[in-house]
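Structure for the following, please:
(one chain, ligands or ions: 2)
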Amino acid sequence: MMTVIDNHEALAEDGDFRLSEASARDYFELLKPRVMSLVVFTAFAGLVLAPDHINPVLGLIAILCIAVGAGASGALNMWYDADIDAVMSRTAKRPIPAGRIMPKEALAFGLVLSCFSVTILGLAVNWLSAFILAFTIFFYVVIYTMWLKRSTPQNIVIGGAAGAFPPMIGWACVTNSVTIESTVLFLIIFLWTPAHFWALALFKMRDYEAVGVPMLPNVSGERTTKHQIVAYAVLTAICAVLPTFLGFASVGYGVVAAVLGAAFIYCSIAVWRMPDGDLKMIPAKKLFGFSIFYLFAVFSALMLDRLVAMLGSYAGGSF
Ligand code: HEM
Ligand SMILES: CC(C)=CCC/C(C)=C/CC/C(C)=C/COP(=O)(O)OP(=O)(O)O
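Ligands and ions are numbered 1, 2, ... in the order given. Just a heads-up that it's a prediction; the model follows:
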């Protein structure tokens, strides 16, 4: 049975040039906007938390470049994964497997946006942040999507680094440097990723089984995955309070991060206590959903903490 993708290639091979019937919405969907919105939010947090100032117009340009670069990496991921996306129930309706966009169009779109975002960021802001953006795109598309994802159950642990760079890019946009503080922001997301994704991988095991992608639940089983989910949730909770101990966030932030971390660990333990073979996997779905709220809440608390500190110093300075 020819899949949609084969049929598309056949159409292109008969020499008969066809205009793409893809809509702007289809191209927008290639950018993984829902996922990348939180990615860009963490980049914005890195820009806000950096101990210096950036011209607001340049700051906006920086965030737009990071957003375009993140979307470009999503388009290139969908281009490469079109074969397995066509088989997995969760991804079968995406623009390429659904036949709305041809693989070559997605590849060109992703490459053009990647070059555009990196070049503009380098010219308008600085070349260090542009380099980190380029490296992040490369890491997600080549290291994770093309290599690790299909070859090792540790794919998302190592590949998770790609998703953790955005706050470091935002920080570098302002300071033109990589520091201990921006590395801690990187580590929070890096350690958060396994619990975030393996929760989903638990209830999507059959999908990954069907396409032969070696996700941890499929390779090492549910019990091992649940143990590692709890371990990474604990490490994330510990890392998230480090800003207070390193002096770039208040004790008040530390308390909020500790409470959020306790909730994250609680959700991960609920997954650990879930019987293997459970069909509904409610705790796993809850952990996946909470993981997104958790990351949003931690980075929001960091920015709020910075705002309160700035207002406090302004008020103190004006008396
Ligand atoms: C290698 C690292 C990561 C993996 C393997 C991963 C995996 C996934 C998968 C498979 C989904 C479901 C997407 C869908 O069905 O369309 C998802 C959703 C999501 N991810 Fe991750 N993720 C990673 C890193 C991140 C990072 C770094 C962030 C943000 C900082 C993030 C934020 C989200 C959000 C917001 C959603 C929900 C999207 C929606 O509601 O449709 N993810 N993730
Ligand atoms: C600035 C910049 C380049 C940011 C990139 C940030 C980044 C790498 C985010 C990871 C997003 C994600 C859903 C990865 C999963 O890919 P997958 O292929 O496992 O998920 P899928 O099966 O849903 O496609």
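
Near ligand 2, which residues of the protein? Just list them.
35, 39, 66, 69-70, 73, 77, 81, 91, 133, 136-137, 140, 145, 149, 162-163, 166 (CB under 6 Å from any ligand atom). C-beta coordinates here come from the backbone N, C-alpha and C atoms, glycine included.

For PyMOL, write the selection for the buried entries among the residues you listed.
Provided next is the PyMOL selection string for whichever of the residues of the chain next to ligand 2 are buried by 16 or more other CB atoms under 10 Å:
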select buried, resi 39+66+69+70+73+77+81+91+133+136+137+140+145+149+162+163+166
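
restrict the residues of the chain next to ligand 2 to those near ligand 1?
V35, V39, G163.

which one among those residues gets closest to ligand 1?
Nearest to ligand 1 among these, counting by CB to the nearest ligand atom, is G163 at 2.4 Å.

What helices and strands are in contact with the one helix or strand the closest one maps to?
Per DSSP states H and E: G163 is located in helix 155-164. Under the contact definition 3 or more CB pairs under 8 Å, 6 or more residues apart in numbering; DSSP states H and E, helix 155-164 sits against helix 180-203.

So for the helix it packs on, mean pLDDT?
Averaged across helix 180-203, pLDDT comes to 97.

Spatially, which residue comes closest to F165, not counting chain neighbours?
T136 (4.2 Å; CB to CB, 6 or more residues apart in numbering).

list the contacts for the closest residue to S300 other than its chain neighbours?
Leaving aside its sequence neighbours, S300 sits nearest to A45 (CB to CB, 6+ apart; 7.9 Å). Each residue near A45 by CB atoms under 8 Å, 6 or more residues apart in numbering is listed here: P167, G170, L185, F299, S300, L302, M303.

For PyMOL, write a command that selects the buried ones of the residues you listed.
The PyMOL command for the buried members of these (criterion: 16+ other CB under 10 Å) is given here:
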select buried, resi 167+170+185+299+302+303
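
Helices - which of the contacts of A45 land there?
Among the contacts of A45, the members falling in helices (DSSP state H) are P167, G170, L185, F299, S300, L302, M303.

May I ask which two of these are separated the most?
Greatest spatial distance among these (CB to CB): G170 and S300, at 14.4 Å.
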